[in-house]
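S.K.: Sequence and predicted model, in that order:
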Amino acid sequence: MRIGHSDVYQIYKDLIIHSENISWSRFQCLLIINSVLVVAWATLFINTEHSAWAKIVMAAIALLGIVSGFAWCDLGRRGRRYLKDYQSKAKAIEKKDDWWKAGIPFEDRPFQVEEITNLFSSSTILLTWTPLCFSAINVLLLLATING
């Protein structure tokens, strides 16, 4: 059995879809986990007399939020890097004219479409900077814990 360009192309299409799904599933987990951490911290901040144990738990929550933000930033960056690699390989396969049906212009092939993205709404920005924003929020929570 020989594997041809169409088989490899299909694999890259599947990898692109899989990469997108993984990236956004991770992002949803980030939002849920950090939301729970912030609510837990706020609950302790409002409902306790700021005993030593409460401050330790609040500091641990904030530190976990800081570390998770940096970790998710790296995951987001890595996911986008994989996606770009898969897309570039699919684009390279699309350049092979010998297996496309006649009449399909090069620029109409699926991965030849170039999208112009807004800097602040691109998936790369969202998947890397949102976790860093959560880390910054958790730094503020840690400062409030120490000074509060």
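M.R.: Arrived safely, thanks for sending. Numbers count the residues shown, from 1 in each chain.
S.K.: Which SSE is immediately downstream of the helix or strand hosting residue 65?
M.R.: Assessed by DSSP states H and E, residue 65 sits inside helix 52-94. Per DSSP H and E, helix 52-94 leads on to helix 123-147 as the next helix or strand towards the C-terminus.
S.K.: And the contacts of that following helix?
M.R.: Taking contacts as Cβ atoms under 8 Å, 6 or more residues apart in numbering, the residues outside helix 123-147 that touch it are 23, 26-27, 30, 34, 37-38, 41, 45, 55, 58-59, 61-66, 68-73, 76-77, 79-80, 117, 119. (Glycine included, C-beta is placed from N, CA and C.)
S.K.: any idea how far residue 30 is from residue 84?
M.R.: Distance, residue 30 to residue 84, using Cβ to Cβ, to the nearest Å: 21 Å.
S.K.: So which of those two has more stuff around it?
M.R.: residue 30 (21 against 13; other Cβ atoms under 10 Å).
S.K.: How about the more buried one: what's its closest non-neighbour residue?
M.R.: residue 72 (4.5 Å; Cβ to Cβ, 6 or more residues apart in numbering).
S.K.: hmm, back to that, now the helix holding residue 65 against helix 123-147, angle please.
M.R.: Here the directions of helix 52-94 and helix 123-147 differ by 170 degrees (axes from the mean of the first three to the mean of the last three Cα atoms, to 10 degrees).
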